[in-house]
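> what would the 3D arrangement of this be:
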Amino acid sequence: MEIGSLLGGQYPLVEKKMQVLQEIVGAKIIYKSFETGDKMPSHSNPTDVFVIVQSGKMEIKLEGVANIFQTGDFIHFPGKALHELLCIENAKILIIK
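Residues are numbered from 1 along each chain as shown. Okay, here's the model as predicted:
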């Protein structure tokens, strides 16, 4: 699992002029929006998943461990890892898988 923030928030990246965040071959890029209280039940995906929070705040629980993510934060986790989501404030995310 990797966690970071594009905006230097709770999970700051190392200061570099350029940094490759992930290399994902043959991936889909999915845009999703959530309203406060929306949930995504526990599930897994056969491929790696990379999530970028574009706006809002959400709790993402990975293998039972919860972390709070907000605008600019990202998380990468391996395929088959159980994960779930709870939207804390209206949010928009990009999912790359």
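
> for residue 44, phi and psi?
The phi/psi pair for residue 44 (degrees, to the nearest 10) reads phi -130, psi 170.

> who's in contact with the closest residue in space to residue 64 that isn't next to it in sequence?
Closest residue to residue 64 apart from its sequence neighbours, by Cβ to Cβ, 6 or more residues apart in numbering: residue 82 at 7.6 Å. Any C-beta I mention is one placed from the backbone N, CA and C, and that applies to glycine too. Residue 82 sits next to 42, 43, 44, 62, 63, 64 when contact means Cβ atoms under 8 Å, 6 or more residues apart in numbering.

> nearest residue to the middle of this protein?
residue 51 (2.9 Å; Cα atoms, centre = their mean).

> quick one: which helix or strand includes that residue?
According to DSSP states H and E, residue 51 maps onto strand 49-62.

> between the contacts of residue 82, which is closest to residue 88?
Closest approach to residue 88 among the contacts of residue 82 (Cβ to Cβ): residue 62, at 16.1 Å.

> many thanks, we can stop here.
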